[in-house]
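Engineer: Predicted coordinates and the sequence they were generated for:
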Amino acid sequence: MKRVLRHVPALVAAAGAALLVAQWAAGRSLWLDEELLAISLRDRGIANYAEPLWLGQSAPFGWLALQRLVVLAFGTGERALRAVPVLFGIATIATSVWIGRRWMTSVGAIALTLLCSFGAWLIAYFLEAKPYSADAFFALLLPAVAAWAAEDARLKRPAMFWIVAAIGQWFANGALFVTPACAIVLAAILTRVHGWRAIVNMSIPAAIWLGSFALNDVFVLRHAASSAYFHRFWAFAFPPPSAGLADTVRWFASHLAPFGVKPGGTQYGMLLWMAATAGFIVAIVARRPIAVFFATVPLSALLLAALHVVPFYERLALWIVPSLYIGVALLADEATISARRRSSAAGQMALAVAGLCVAAFLCGDVVLHGWRDGVARSAIHDENRRVDDRAAVRWLKAQKQPGDVWMTTHYGVAAVWWYAGIEGERIVKVSHQPDGPECEQDALAESIAGAPRVLLYLGFRFDDTPPGFDDLLVDRLSRLGAVTAYRSFTESDALVVDRRIRSGAPTTLSRLDPTSPRNIPPAAGCVKLKTAAIDTFVQ
């Protein structure tokens, strides 16, 4: 039986990796966040990645260079752009197998592999052309390498920890964020066992990491740290600047449960944090160094957020999730060990059973949602989050004639730049202007005066357009020309307005699309316009 259980984690990992590959093979349209970064990957060379990226984006230099090489070798298709992230995702799953088999019983190893293989949001972000999967991989690998180094009686392995950390920070910010706390714990453990020799042994390879960090800061990190747009956009993901200690604690307390849901992957977000904390505590009490190293990861995240360095928000803090899964697996592991001891008191046995039940419940919930979402995604070949930028923009691109002008909302600009190109594409960016003096001179007609036709794309809308804005915009355009073509792509809408054809009765998107809700009146106010440009996109 033990031999059979020993192979279960590998089988679980194989199933998770297969489901991940199936979702990757579906080749869905790129999502907004992916498009914003992919434009720099397509249109800028590796040497330019030492400068601020376009469109308010940031990513580790090594990850960008690797992605650029993939683009040069295999093109800019969705599968090519997501190949590196998926490989890092598979490496994360494989690392969970190694950790489970080395430091846990079969029960703990199975729990850990199930969570890392089927965590719904963990896997979802493994499928994005962003460095999130690399963050998760290195944030899982480095504490494990530190624990492995702490077991070395000859003090040879600490150098390997520093080398992996030095390399990792060029591919994943998660590697950078977890290294300091892991290094402190590693130094403390080795110093307690080996005395001053450990300090000397740690200091030389640590200098390599510091040198690597200095270069990384010059080439990449300083751009994000000094970005006013970054701090303005993510201000909501930090405790209020003026908050005292009590208010900061309350802020984090209110954000733990939502984080446990997304990206934690369970409906029971607070239970995930409680189970992981319990797992770390019981394993530390049992003198298991692996628990100390992984417990530093969420603590580092909380500290970095409190210092306004790293936002405590979903995908940007995805690197925390594998460590939370480690905590749940350790809870299952310690419960199993305690339950096997015949000398355990009745109270200890009850706690062990309770811990095992909580861990099993969380694993079941995570796997259920992850499997369901993964199967659903593997069957989708077009839309992404109910928007199909690829099909809609390419359809409009096929309709394009000389002199035509593009028109879209702020978050649709990236879709046009990605799927239609940047060169020779003039884009008028539209947003809503409430009633006021600005609406007395509506500049819509003037903005398209030199264009025979307007190619209008309405894709992803966030907070820049109120309900009824689409109808307001289409109504105004249909007074300037006739809508000669219209297609709906899930929740994306594409229209061609020909100004050379006399307009008949004005129309709205609700009239063009029978599935559109008709009980929302056109928004009051007017249309605000601006020519889209790379350099001013985030202003």
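Structural biologist: Here it is on my side, so go on. Residues are numbered from 1 along each chain as shown.

Engineer: Just say helix, strand or coil for Ala523.
Structural biologist: coil (DSSP: H, G, I helix; E, B strand; the rest coil).

Engineer: Could you count how many residues lie near the closest residue to it other than its chain neighbours?
Structural biologist: Nearest residue to Ala523, sequence neighbours excluded (C-beta to C-beta, 6 or more residues apart in numbering): Gly468, at 3.7 Å. Using the backbone N, CA and C atoms, a C-beta is placed for each residue, glycine as well. Applying other C-beta atoms under 10 Å, we find 19 residues neighbouring Gly468.

Engineer: Could I get the contacting residues of Gly468?
Structural biologist: Ile520, Pro521, Pro522, Ala523 (C-beta atoms under 8 Å, 6 or more residues apart in numbering).

Engineer: next one: phi and psi at it?
Structural biologist: phi 90, psi 0 (degrees, to the nearest 10).

Engineer: what separates it from Asp404, distance-wise?
Structural biologist: 27 Å (C-beta to C-beta, to the nearest Å).

Engineer: Same check on Val393?
Structural biologist: In terms of C-beta to C-beta, Val393 sits 13 Å off from Asp404.

Engineer: Next up, the contacts around Ala166.
Structural biologist: Counted by C-beta under 8 Å, 6+ apart, Ala166 has contacts Ile208, Trp209, Gly211, Ser212, Phe213.

Engineer: Secondary structure element for the second one, which one?
Structural biologist: In this case it means Trp209. Under the criterion of DSSP states H and E, Trp209 resides in helix 196-216.

Engineer: quick one: pLDDT of Leu122?
Structural biologist: For Leu122, the pLDDT comes out at 96.

Engineer: Just give the number of residues close to Leu30.
Structural biologist: Leu30: 25 neighbours (other C-beta under 10 Å).

Engineer: got it, and Phe74?
Structural biologist: Phe74 has 12 neighbouring residues, counting by other C-beta under 10 Å.

Engineer: which non-adjacent residue is nearest it?
Structural biologist: Ala80 (4.0 Å).

Engineer: and the strand or helix carrying the one you found, which residues are buried?
Structural biologist: Element membership of Ala80, judged by DSSP H and E, is helix 78-103. In terms of neighbour count (16 or more other C-beta atoms under 10 Å), helix 78-103 has its buried residues at 78, 80-101, 103.

Engineer: What of stretch 386-398?
Structural biologist: Val387, Asp388, Asp389, Arg390, Ala391, Ala392, Val393, Arg394, Trp395, Leu396, Lys397.

Engineer: out of these, which are inside strands?
Structural biologist: Using DSSP state E, the subset of the buried residues of stretch 386-398 located in strands is empty.

Engineer: re the thing from before, kindly reformat the contacts of Ala166 as CSV containing pLDDT and neighbour count.
Structural biologist: Output for the contacts of Ala166, formatted as CSV (pLDDT from 0 to 100; neighbours: other C-beta atoms under 10 Å):
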residue, pLDDT, neighbour count
Ile208, 91, 15
Trp209, 94, 22
Gly211, 94, 11
Ser212, 93, 19
Phe213, 94, 18
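
Engineer: partner strands of the helix or strand hosting His432, parallel or antiparallel?
Structural biologist: In this structure, His432 sits in strand 427-433 according to DSSP H and E. Applying DSSP bridges to the sheet, strand 427-433 is found paired with strand 405-409 (parallel), strand 526-531 (antiparallel).

Engineer: Please report how far Ala392 lies from Leu114.
Structural biologist: Remark: distance between Ala392 and Leu114 (C-beta to C-beta) = 38 Å.

Engineer: Can you give the distance of the one helix or strand Ala354 maps to from its chain's centre?
Structural biologist: In the assignment (DSSP H and E), Ala354 maps to helix 346-378. Taking C-alpha atoms, centre = their mean, to the nearest Å, one finds helix 346-378 lying 24 Å from the centre of the chain it belongs to.

Engineer: Same question for stretch 54-65.
Structural biologist: That offset, for stretch 54-65, works out to 14 Å (C-alpha atoms, centre = their mean).

Engineer: Span of it from start to end?
Structural biologist: 15 Å (C-alpha to C-alpha, to the nearest Å).

Engineer: How much space separates the spatially most central residue of the chain from Ala228?
Structural biologist: Nearest to the mean C-alpha position of the chain, counting by C-alpha atoms, centre = their mean, stands Arg315 at 3.3 Å. Applying C-beta to C-beta, the value for Arg315 to Ala228 is 21 Å.

Engineer: Any stretches of this structure with poor pLDDT?
Structural biologist: 1-2, 342-344, 440, 442, 516-519, 539 (pLDDT under 70).

Engineer: ok, and what's touching the helix holding Trp209?
Structural biologist: Counting by C-beta under 8 Å, 6+ apart, 60-61, 155, 158-159, 161-163, 165-167, 169-170, 176, 179, 183, 186-187, 190-191, 194 sit against helix 196-216.

Engineer: tell me which element Leu155 is part of?
Structural biologist: With DSSP H and E as the test, Leu155 turns up in no helix or strand.

Engineer: wait, what's in contact with it?
Structural biologist: Counted by C-beta under 8 Å, 6+ apart, Leu155 has contacts Leu190, His194, Arg197, Ala198, Asn201.

Engineer: what two of these have the greatest distance between them?
Structural biologist: Maximum pairwise distance in the contacts of Leu155, criterion C-beta to C-beta, is 8.5 Å, between Leu190 and Arg197.

Engineer: neighbour count winner among those two?
Structural biologist: Comparing Leu190 with Arg197 by other C-beta under 10 Å, the one with more neighbours is Leu190, at 21 against 12.

Engineer: Look up the closest residue to that one, ignoring the ones flanking it.
Structural biologist: In space, Leu190 is closest to Ala198, 3.6 Å off (C-beta to C-beta, 6+ apart).

Engineer: Show me the helices in the stretch 151-300 of the chain, by range?
Structural biologist: Using DSSP state H, counting those that start in this stretch, the helices assigned to the stretch 151-300 of the chain run over residues 158-168, 173-194, 196-216, 222-225, 228-233, 245-261, 269-285, 289-306.

Engineer: How far away from the center of its chain is the longest one?
Structural biologist: The one in question is helix 173-194. Relative to the chain's own centre, helix 173-194 is displaced by 26 Å; criterion: C-alpha atoms, centre = their mean.

Engineer: what does stretch 25-35 give?
Structural biologist: Using C-alpha atoms, centre = their mean, the offset of stretch 25-35 from its chain centre is 13 Å.

Engineer: which of the residues in that stretch are buried?
Structural biologist: Ala26, Gly27, Arg28, Ser29, Leu30, Trp31, Leu32, Asp33, Glu34, Glu35.

Engineer: ok, the residues you listed vs Phe462, which is closest?
Structural biologist: Looking across those and measuring by C-beta to C-beta, the closest to Phe462 is Leu32, at 8.7 Å.
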